[in-house]
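Colleague: My questions concern the predicted model and sequence given below.
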Amino acid sequence: MADVRNKRLEQYEAWAAEYEILARITTDRATQKQYEHLAVHYRYLASSFRDALAMHRAALAKLTLH
């Protein structure tokens, strides 16, 4: 299950990076803004998911210590 979670995190980070690149190379301002918004969104998802994984690991650690 950890592999699936790590893969999802990597996907979010990869998508954010791709949209950042697309935002830099596009010439249309509206499209650039859209790509920038998507990059920020996927960075946020990656960050939130990373935090959730850390909380999950901490909760599991508490359960296994008792």
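Modeller: All right, it came through fine.

Colleague: hey, let's count contacts and neighbours off CA atoms from now on
Modeller: OK.

Colleague: Distance from the chain centre to the longest helix seen in the chain, please.
Modeller: Ranked by number of residues, the top helix in the chain under DSSP state H is helix 29-65. Offset of helix 29-65 from its chain centre (CA atoms, centre = their mean, to the nearest Å): 5 Å.

Colleague: so how far is A58 from A14?
Modeller: Counting by CA to CA, to the nearest Å, the separation of A14 from A58 is 26 Å.

Colleague: Compare neighbour counts for these two and give me the winner.
Modeller: Neighbour count, other CA atoms under 10 Å: between A14 and A58, A14 has more, with 16 against 11.

Colleague: quick one: low-confidence ranges for this protein?
Modeller: Within the chain, the stretches with pLDDT under 70 are 65-66.

Colleague: Mind telling me which residue is nearest the centre of it?
Modeller: Note on the chain: the residue nearest the mean C-alpha position is A46, at 2.0 Å, using CA atoms, centre = their mean.

Colleague: Now that that one has come up, it's in contact with E13, right?
Modeller: Yes - contact status for A46 versus E13: in contact at 6.0 Å, counting by CA atoms under 8 Å.

Colleague: Perfect, I'm done here.
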